[in-house]
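**Student:** Fold the following for me, if possible:
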Amino acid sequence: MTIRTGTATLAALAAMMLAGAAAAQEAAAGADCAVQEFAMGLRFQQQSAEVRALQMQAYNIATMRLDAAVEGAEDPSKLAVVTDLDETVIDNTALLARDLADCHMYDAWDTWLPWERDGLPALIPGALDFLNHADSLGVTIRYISDRADQQKQDTMATLTALGLPQVSDESVLLLGPPKVERRDLVSADHQIVLLLGDTLHDFDGRFRKTPLDAQRATVAEEAAKWGAEWIVFPNASYGTWSKATLTEWAAKPVIEPWE
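**Tutor:** All right, here's what the predicted structure looks like:
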């Protein structure tokens, strides 16, 4: 009996040592895997109920704003909704999660071409209902995205498979000129009443390739447009903010237990 207990104890100790070694190995691997710093943000983006609530909230606001614009319009077809695609209409987090699991830095964008060709993203909650509503009102829809123009047919096939309305060569404007120039093409013969996007250069050229402090200043200057003409969607997965230094509380840490 004593021998068996000792054997069991040794086995338990061996198991603990193996588990500890595995944990240490995993921690070391994580230390060498820079993309792991995005894990919590990606988990929020893909799995949280809060992000779905924010996405549906954004589309609810967009619907109210669009209805108000159409109500006073003589010809709704001369009104346009301009929307980004990735993380605004379609959800690419499956690709990002695969890259993170492979310790591949997904903001290198080098896995996006195969994804654009062969991947099938999910729809952002509320996107299909909103865009179908815009279509039913006779409003023009333009999809402006920085997906690869050489794979335009693949992106159009994806959008069609997802059931999105008004998908055509004319309506899908992909990477080439900056987004501000593509929006100018739309505004040449339409009144853009809503811009939808998850990154700030989806709204104004002043946000493109500018420092974060300048972006924050422009956000404040344009306070009246958020939720009125500009509808922004949450994206905690990637963005120009991802390399920003965090601001810390300078006080010395004090650990106090809850009572």
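**Student:** pLDDT weak spots in this protein?
**Tutor:** For the chain, applying pLDDT under 70 flags the ranges 1-31.
**Student:** Which residues does the strand ranked longest in it contact?
**Tutor:** Ranked by residue count under DSSP state E, the longest strand found in the chain is strand 140-148. Contacts with strand 140-148, where a contact means Cβ atoms under 8 Å, 6 or more residues apart in numbering, come from 77-86, 89, 112-113, 116, 131, 134-135, 155, 159, 164-167, 171-175, 179, 182-183, 186, 190, 202. Every residue, glycine included, has its C-beta placed from N, CA and C.
**Student:** Mark which of these are buried, thanks.
**Tutor:** 79-86, 89, 112, 116, 131, 134, 155, 159, 164, 166-167, 171-175, 179, 182-183, 186, 190, 202 (16 or more other Cβ atoms under 10 Å).
**Student:** quick one, what contacts Val172?
**Tutor:** Neighbour list for Val172: 143, 145, 152, 155-156, 159 [criterion: Cβ under 8 Å, 6+ apart].
**Student:** now do 10 Å
**Tutor:** Applying Cβ atoms under 10 Å, 6 or more residues apart in numbering, we find Val172 in contact with 85, 141-145, 147, 149, 152-153, 155-156, 159, 164, 166.
**Student:** Ramachandran angles for it?
**Tutor:** Dihedral pair for Val172: phi -110, psi 110, per degrees, to the nearest 10.
**Student:** Could you measure from Glu248 over to Gln36?
**Tutor:** For Glu248, the distance to Gln36 (Cβ to Cβ, to the nearest Å) stands at 21 Å.
**Student:** between those two, who's got more neighbours?
**Tutor:** For Glu248 and Gln36, the more surrounded residue by other Cβ atoms under 10 Å is Gln36, and the numbers stand at 14 against 6.
**Student:** Surely that one is in contact with Tyr106?
**Tutor:** No - counting by Cβ atoms under 10 Å, Gln36 stays clear of Tyr106, with 11.6 Å between them.
**Student:** Now the common contact residues for those two.
**Tutor:** 42, 100.
**Student:** Tell me the secondary structure at Val81.
**Tutor:** Three-state call for Val81 (DSSP: H, G, I helix; E, B strand; the rest coil): strand.
**Student:** residues in contact with Asp135?
**Tutor:** Shown in contact with Asp135 (Cβ under 10 Å, 6+ apart): 81, 141, 164-166.
**Student:** Report the two members of these separated by the largest distance.
**Tutor:** Using Cβ to Cβ, the two most remote members of those are Val81 and Leu164, lying 12.1 Å apart.
**Student:** between those two, what contacts are shared?
**Tutor:** With Cβ under 10 Å, 6+ apart as the test, Val81 and Leu164 both reach 131, 135, 141, 143.
**Student:** who's in contact with the first one?
**Tutor:** The reference is to Leu131. By Cβ under 10 Å, 6+ apart, the contact set of Leu131 is 59, 62, 81, 83, 89, 123, 139, 141, 143, 159, 163-166, 196.
**Student:** re the thing from before, from the contacts of strand 140-148, which land in helices?
**Tutor:** Secondary structure assignment by DSSP state H places 112-113, 116, 131, 134-135, 155, 159, 179, 182-183, 186 of the contacts of strand 140-148 in helices.
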